[in-house]
Structures are given as structure tokens and as C-alpha cells.
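**Student:** pasting the sequence and the predicted model now:
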Amino acid sequence: MSYSKPKFEEKYGNFINGKFAAPVGGEYFENSSPIDNSLIAKYARSQKEDVNNAVAAANAAKDAWGKTSAAERAALLNKVADIIEANLEEFALVETCDNGKAIRETLNADIPLSIDHWRYFAAVIRAEEGSATELDVNTLSMNIKEPLGVVAQIIPWNFPLLMLSWKLPPALAAGNCVILKPAEQTPSTATLLMEKIADVFPPGVINIIHGFGPEAGKPLASHSGVNKVAFTGETTTGQLIMQYASKNLNPVTMELGGKSPNIFFNSVMDEDDAFLDKAIEGAVLFAFNQGEVCTCPSRILVQEEIYDKFMEKVVARTKAINQTNPYDINCMMGAQASNDQYEKILSYIKIGKEEGAKVLAGGDVCKLEGELANGYYIQPTILEGHNKMRVFQEEIFGPVVAVTKFKDEAEALEIANDTLYGLGAGVWTRDAHQLYQIPRAIKAGRVWVNCYHAYPAHAPFGGYKKSGFGRENHLMMMNHYRQTKNMLISYDKNKLGFF
Amino acid sequence: MKYERVAITDEAIKIVEELKAKYGELIFHQSGGCCDGSAPMLFEKEDMYLDDSDILLGQLVGVNYYMNQDQFEYWKHTHLTVDVTEGRGSSFSLEIPLGVRFIIHSRILTEKENKVLNNL
């Protein structure tokens, strides 16, 4: 079964104060599909004035929204989930068109997970309670969670609707109003969502601003009318956003990527069974979403006794990846999101080869025919080398994995932790002791044990080291969007006696 | 002979000059991490706070090229050439509204370069 490119309007504005608004300067930018480089539509090229309007709308809405009951907010979040679910196929198709990823992923991962995140945060705010402690017989300390007010969120292009759904629901559930800026490569599903849910929230609660980083992102991140900035992206922009936030003394959360090790111990091959099959798939998950995942398992570490046999299976499984039209349900890996991304990945494959890495699979562009010849396709690539090579140290953000072998647990950990980043890691073993001890010794915020690339809404996700700080998903995410009001109440009628 | 860690292509020079005329003094900072990471970012000189942890790799058409010390440790055996390609990176880098994106091409330093630049 194959789908085809969905229909779009000629151009789309921002979503400010409950309705679509043309950009103040009247300028738009063209957004094209990486599948075939064809035009999708034009989107607002916002400037500072548009950001000001969105921030003003959010500030005007925040008091009333912050006072809504948890029950009201939960009902609205659930409504959004229901609307996305009722239009799942349409969202999946638009996402595939805009980002280039295979339709089987958007139908089965991106959109269903997005729906679940809205439902999760609708649920937790109903179950959650504040706290009260009797400090002594006459003194009560009461902790009440209050929203921060207005939150700015800047999200990436690799999972456009899912990243929106990681960021918006907890901020809204906590009682904040939001200005969200989608990446300029992928503005489409955020726009589609606003079309579908335009009337769900009071005006000003959700505002979407499109445009370029230097023109719209920077004024948003540095705006004094914003109380918090949440960012997912790379390190230099992360540092800049923290600088701007420091001027406003605003809290920030940062999710800045990784170079995640995926470690396979000897015992993985003790049996030729379903678990071995799962482990091989676990290694090949580097190609999931064309490798454009912050937690891409982009370093495979295999214990030396099983190295040859295990990698033989991984290479065979990688070569079986079907690269075809991303709208085709049988397509297993789609297009890279943009031309500059495509060029960057190729430059990494080149430096990898130059540094002496051996190409075990792929290593080149993938030429598809017809209109797809204009798209950005790269073969899933396995490079064998050592951990000091740049392809082992830098986030390529493409379907390129670097593989090496290790002797024992100590060497596995040494290699795993020899990286600037600490976002994700995978550990695969049948040994009960390794199952616990190895993950504990890895300096990363999420360690998948005998699995990989699972992102349930109720498991916290975030980085160690230069991968950033703060957590997403899970109830604990709410606390990044709130502050604590402590009410210290005395029931004692008597004075202190000092004056 | 003078050895350099960074170079720039003629196409990229044109873009840098265009942006210099518009914004004044600029710097390059090499990013790392996800999405648009591992790409050079071009900012106004005063925009980014720099300190001793930012290594100056060289100067390209009057624009200093910096990289964080931690990252430099993993990159210092390679030579970088700034180029420009059609594209739409999302970051605060100043060339993005022009519909182009800086990228780098890398090569391994020669033995002689390594000796001079890295004291190896």
C-alpha cells in the first residue's frame, strides 16, 4: 500500500491569540519536502514584532488559565488527544511529507506516541497532590505548585509533532501559556494541529510562531515577557539560550543530543533465540528515523568473543533495510530532513573513511528513481573503527553507526563513557549482574536494558554531561514548569516575645 | 610555511562578506550535539560569551573561529574547511535566512601539520 503527497494551502500564518495571523512584515518562507524536494507551502517568516504579539497574548491569558482547575485542563488535553487520534492518518501523512521519514514510522510511532503524551499529562494532574507538613503543633507548612506563567519552547525537526507533544502538554497541564517555535524545516504538523484544535483552548494559551532562528527564535528566547525557556537542539545554540535566559534570570531546560553507546556482551549469543533476534534489531535501530534521533545508538560496542558472528548478523539485517518511497508502507527508512543535513552526513562518512574506518555496510548515497531522485537519501552505514575517531565522537544525526569491540566490562565502560555526551545508552546481556551494574556505571540519563528506542510517557528522559539538563516526560517534567508556593501558617496565638 | 587548522571556500567567503556588511564584526563557533550540531555557527561578535574554554582555531576573512576546549580535544587531529550549501539549518546562525547553511569538510592533518600545530 502506498500513500501520496497530501494537499496544502498556498501559505500559512502564525497562530496567535486563538487565530491564524499573517506575519506583521508580510514575509513568508518556502518549505519543501525532503522526499522529492517539492514545495509544500509557504510559512510565516516571523520577526520580533510577531514574537511580541504572541508573548503579549500569552501574558494576557496566563492569569485566567493559571486559575483553571486541574479537571478543566485535563479535559482539554484529552480532547486534543482525541482529535489527533481521530485524524491519525492525516497527521502521519503530513509528518512524512514534511520530515521525510517513512510512513510506517509516523503511523505506528510518531503520532500514537504524541497522542499518549497528551493523555498522560491529562491523567497525572488529576492524581497529583501538593504537600502539607505539621512542623510543630502550631505550625503548618503547605506547598502549593504554581505555574511559571509564560513559557517559550523551541523544538527540533526530527520528530516535529512528537517533540511538540513532549513540550506542550506538561507546560499546559502545569497551568502555563506557551509560545512554541517549530523548526523552520518542519512547520507543518504544528500548523495542522492548530487548525484542528483552534477552539479547544482559550485564546493566547497556545501560540505558534514560525520563522528563522536569528529572526524569530532569538527574540523569543531572550524575551523579558517569558518566564522559562525549553530548548532541544545543539550545544552552541543551547549555550546562547542560557545566556539570554541569564539576563532575565529565567530557568531553562536543555536537551542537546548525544553519542549513545549500545553495548552487547558475550551472553547475547549464548542462544539462537528470540532474544538474540531482538538484540540484532537493537543494534540496527541506529537506522530508526534515518538516524535523526538525539539518542541514536550511534556507537555499537561488541564483546570480542562474539564480535565477528554478531556483526555478521547486524550487517545482514542492515543490508535488508528497504529504502523506497517513504509514502510506501513497506519503506523502512526515508529521506534525511534537509539538504544541509544530507551534505553533513556525507562529509562524516568521508572523514570516517579517511580516518581509517572500515565500511561494513552502506557508505554512500542511496539513489532512488523518478521524482525521488531529488530527495535526500543515504544508505544505512556501518563504520568499524576505534573510539577516538571523529565518527565515534560526534553526533552525525544520520543513519551512520560506528562499531568497535571491547575485552571486558571495564573496557566497555571506559569506551562508553569516553564521550562529551550522556543522553542514552543500551546494554544487552543475559547476565543478571551486568543487567544492573553496567547501566549504573554508565554516565547517561537513560539506559535501555535489553531494549532500545522506547519512549513511554511515564519514564523520565534527559541528559547527563553536555547532553543538557532537566527531564522530559514523566510527572517530574511538571516541576520544570512550576514554582513552589510555600505557605507557612501559624496557629499559635502568642507572640515571639522579641519586641 | 604557515600551517592552519581552518580554511574557507570562495563560496563561503561571499556569504561571510555579505553578512559582515550587514552585521559588522562576526565570529564562528563550532557547535556539537544533536539536530544542527557539528556545524559552524556565525554570530555577531558580541552575541556569544567566550572565555578560556573556547579555543581559537584560526581566523577566516577576519572572522575568528572558536571551538570549545572539550570538543577540540576530539577534533584537533583534523583540518576543517568551512563551506556553504543550500539548506535550512535551524539555529541562530546568521546565514540561515539567506537559504544557505555553513558546513565543514574535514581531513586528517598531515604528519608535518600535526607536528607544528599539535606538537606531536
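**Tutor:** Yep, it's here.
**Student:** now stretch A:365-379: average pLDDT?
**Tutor:** Averaged across stretch A:365-379, pLDDT comes to 97.
**Student:** that stretch: how far from the chain's middle?
**Tutor:** 26 Å (CA atoms, centre = their mean, to the nearest Å).
**Student:** flag every buried residue along it.
**Tutor:** A:Cys366, A:Leu368, A:Leu372, A:Gly375, A:Tyr376, A:Tyr377, A:Ile378, A:Gln379 (16 or more other CB atoms under 10 Å in any protein chain shown). C-beta coordinates here come from the backbone N, C-alpha and C atoms, glycine included.
**Student:** state the distance from the closest residue to the second one other than its chain neighbours to A:Asn325.
**Tutor:** Meaning A:Leu368. Counting by CB to CB, 6 or more residues apart in numbering or on different chains, the nearest residue to A:Leu368 once its immediate chain neighbours are dropped is A:Tyr377, at 5.6 Å. From A:Tyr377 over to A:Asn325 the distance is 10 Å, taken as CB to CB, to the nearest Å.
**Student:** the residue nearest to A:Leu368 reaches A:Cys366, doesn't it?
**Tutor:** Yes: counting by CB atoms under 8 Å, A:Cys366 is a contact partner of A:Tyr377 at 4.0 Å.
**Student:** overlap of the contact sets of these two?
**Tutor:** Among the neighbours of A:Tyr377, those also in contact with A:Cys366 (CB atoms under 8 Å, 6 or more residues apart in numbering or on different chains) are A:Gln323.
**Student:** picking up where we left off before, would you format the buried residues of stretch A:365-379 as TSV with distance to A:Val268 and secondary structure included?
**Tutor:** Formatted as TSV, the buried residues of stretch A:365-379 follow (distance: CB to CB, whole Å; DSSP: H, G, I helix; E, B strand; the rest coil):
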residue	distance to A:Val268	secondary structure
A:Cys366	29	coil
A:Leu368	34	coil
A:Leu372	37	helix
A:Gly375	36	coil
A:Tyr376	34	coil
A:Tyr377	31	coil
A:Ile378	28	strand
A:Gln379	26	coil
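**Student:** distance to B:Ile13 added to these, as JSON lines?
**Tutor:** Formatted as JSON lines, the buried residues of stretch A:365-379 follow (distance: CB to CB, whole Å):
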{"residue": "A:Cys366", "distance to B:Ile13": "32"}
{"residue": "A:Leu368", "distance to B:Ile13": "34"}
{"residue": "A:Leu372", "distance to B:Ile13": "34"}
{"residue": "A:Gly375", "distance to B:Ile13": "30"}
{"residue": "A:Tyr376", "distance to B:Ile13": "26"}
{"residue": "A:Tyr377", "distance to B:Ile13": "31"}
{"residue": "A:Ile378", "distance to B:Ile13": "28"}
{"residue": "A:Gln379", "distance to B:Ile13": "33"}
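**Student:** and A:Thr491, how far from chain B?
**Tutor:** Let me fix one detail, which is that residue A:491 is Tyr and not Thr. Look at A:Tyr491 and chain B: by CB to the nearest CB, to the nearest Å, they are 50 Å apart.
**Student:** which ones are touching residue 112?
**Tutor:** No chain was given, so I picked chain A. Applying CB under 8 Å, 6+ apart, the residues near A:Pro112 are A:Leu88.
**Student:** oops, chain B please
**Tutor:** By CB under 8 Å, 6+ apart, the contact set of B:Lys112 is B:Tyr3.
**Student:** so it, which of the three states?
**Tutor:** With DSSP: H, G, I helix; E, B strand; the rest coil as the basis, B:Lys112 sits in helix.
**Student:** mind checking how far it is from A:Gly211?
**Tutor:** 47 Å.
**Student:** need the contact list for residue 12.
**Tutor:** Answering for chain A, as no chain was given. A:Phe20, A:Ala41, A:Lys42, A:Tyr43, A:Ala44, A:Pro187, A:Thr191, A:His210.
**Student:** oops, I was thinking of chain B
**Tutor:** By CB under 8 Å, 6+ apart, B:Ala12 lies in contact with B:Val82, B:Asp83, B:Val84, B:Phe102.
**Student:** of these, grab the buried ones for PyMOL.
**Tutor:** Burial among these is assessed by 16+ other CB under 10 Å; the matching PyMOL selection reads:
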select buried, chain B and resi 82+83+84+102
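**Student:** tabulate the contacts of B:Ala12 in a markdown table, adding columns for pLDDT.
**Tutor:** Formatted as a markdown table, the contacts of B:Ala12 follow (pLDDT from 0 to 100):
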| residue | pLDDT |
| --- | --- |
| B:Val82 | 97 |
| B:Asp83 | 96 |
| B:Val84 | 95 |
| B:Phe102 | 95 |
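**Student:** buried set for the longest helix seen in chain B?
**Tutor:** Longest helix in chain B by number of residues (criterion: DSSP state H): helix B:10-23. By 16+ other CB under 10 Å, the buried positions in helix B:10-23 come out as B:Ala12, B:Ile15, B:Val16, B:Leu19, B:Lys20.
**Student:** you'd agree the fourth one is up against B:Leu94?
**Tutor:** Yes: under the criterion of CB under 8 Å, B:Leu19 is in contact with B:Leu94, at a separation of 5.1 Å.
**Student:** shared neighbours of those two, anything?
**Tutor:** Going by CB under 8 Å, 6+ apart, residues that sit against B:Leu19 and also against B:Leu94 are B:Leu26, B:Leu42.
**Student:** helix, strand, or coil at A:Val302?
**Tutor:** strand.
**Student:** pretty sure it is touching A:Phe310, no?
**Tutor:** Yes: between A:Val302 and A:Phe310 there is a contact under CB under 8 Å: 5.3 Å.
**Student:** between these two, what contacts are shared?
**Tutor:** By CB under 8 Å, 6+ apart, the residues touching both A:Val302 and A:Phe310 are A:Phe264.
**Student:** what's the mean pLDDT across the helix or strand just after the longest helix of chain B?
**Tutor:** Where DSSP states H and E defines the elements, the next helix or strand beyond helix B:10-23 is strand B:26-30. Mean per-residue pLDDT for strand B:26-30: 96.
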